[in-house]
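A.B. asks: how would this look folded up:
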Amino acid sequence: MDLKEIKSIIDLMRKNSLSEFELEEKDFKIKLKRPIGGSSGPAVTPVDDPELTAYAPLSRQSGSPAPAPVSSTANDPEIKSPMIGTFYRTPSPDAAPYAEVGTEVGPETVVCIIEAMKVMNEIKAEARGVVTEVLVENGKPVEFGQPLFKIRPL
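C.D. replies: This next block holds a predicted model:
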């Protein structure tokens, strides 16, 4: 892959408001990630050994209640969606959720995945705290800027 192709991918990311892009070819791997809040192009991050997994929505079993908030207040900061897409709480249908109510998270903790145009984007907490509320149901569409989680800062 040459520089011209990488620039065209960056342009496509800008036009489609994608925050992350991964590509793997024979002996080549690239991961582009746009800084949160930045309008400049994505940052290039080396990828050692990404695990590419197919994702599918989990269906909520009837009768299983949504997690109850834990000492949540109206002023708790929110983790918001950086893009339009489909919200997934788990890395695969049979895996445990990334973050539950009561989970302690740090700035680099992955809390969910948002699928946009068949690309799975890991969403990080970007703050230190404890999850007090999960605001979106698994497998549901989300909008740019939509609150996904509430956290109590530590």
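A.B. asks: ok, then the element right after the helix or strand bottoming out on mean pLDDT in the chain?
C.D. replies: In the chain, no helix or strand scores lower on mean pLDDT, DSSP states H and E than strand 43-45, which sits at a mean of 43. Sequence-wise, the next helix or strand downstream of strand 43-45 (DSSP states H and E) is strand 78-80.
A.B. asks: ok, that next one: who's next to it in the sheet?
C.D. replies: When pairing is defined by DSSP bridges, strand 78-80 lines up against strand 147-153 (antiparallel).
A.B. asks: in three-state terms, label the spatially most central residue of the chain for me.
C.D. replies: Taking Cα atoms, centre = their mean, the centroid of the chain lies closest to Ile123, which sits 2.4 Å from it. Secondary structure state of Ile123, per DSSP: H, G, I helix; E, B strand; the rest coil, is strand.
A.B. asks: residue contacts, it?
C.D. replies: Going by Cβ atoms under 8 Å, 6 or more residues apart in numbering, Ile123 touches 79, 81-82, 110-114, 148. Using the backbone N, CA and C atoms, a C-beta is placed for each residue, glycine as well.
A.B. asks: can you give me the buried ones in stretch 21-39?
C.D. replies: With burial defined by 16 or more other Cβ atoms under 10 Å, the residues of stretch 21-39 counted as buried are 21-22, 30-34.
A.B. asks: between the residues you listed, which is nearest Ala99?
C.D. replies: Lys33 (19.8 Å; Cβ to Cβ).
A.B. asks: and which of the buried residues of stretch 21-39 is nearest Leu3?
C.D. replies: The shortest gap between Leu3 and any of these belongs to Ile30, at 11.7 Å (Cβ to Cβ).
A.B. asks: can I see the domain layout of this protein?
C.D. replies: The chain breaks down by automatic domain parsing into domains covering 3-45, 78-153.
A.B. asks: most packed of these?
C.D. replies: Across the domains of the chain, averaging neighbours per residue (mean count of other Cβ atoms under 10 Å) puts domain 78-153 on top, at a mean of 18.
A.B. asks: just how off-centre is it within its chain?
C.D. replies: How far domain 78-153 lies from its chain's middle: 6 Å, per Cα atoms, centre = their mean, to the nearest Å.
A.B. asks: how long is it from one end to the other?
C.D. replies: From its first residue to its last, domain 78-153 covers 10 Å (Cα to Cα, to the nearest Å).
A.B. asks: for that domain, give the mean pLDDT please.
C.D. replies: Averaging pLDDT along domain 78-153 yields 94.
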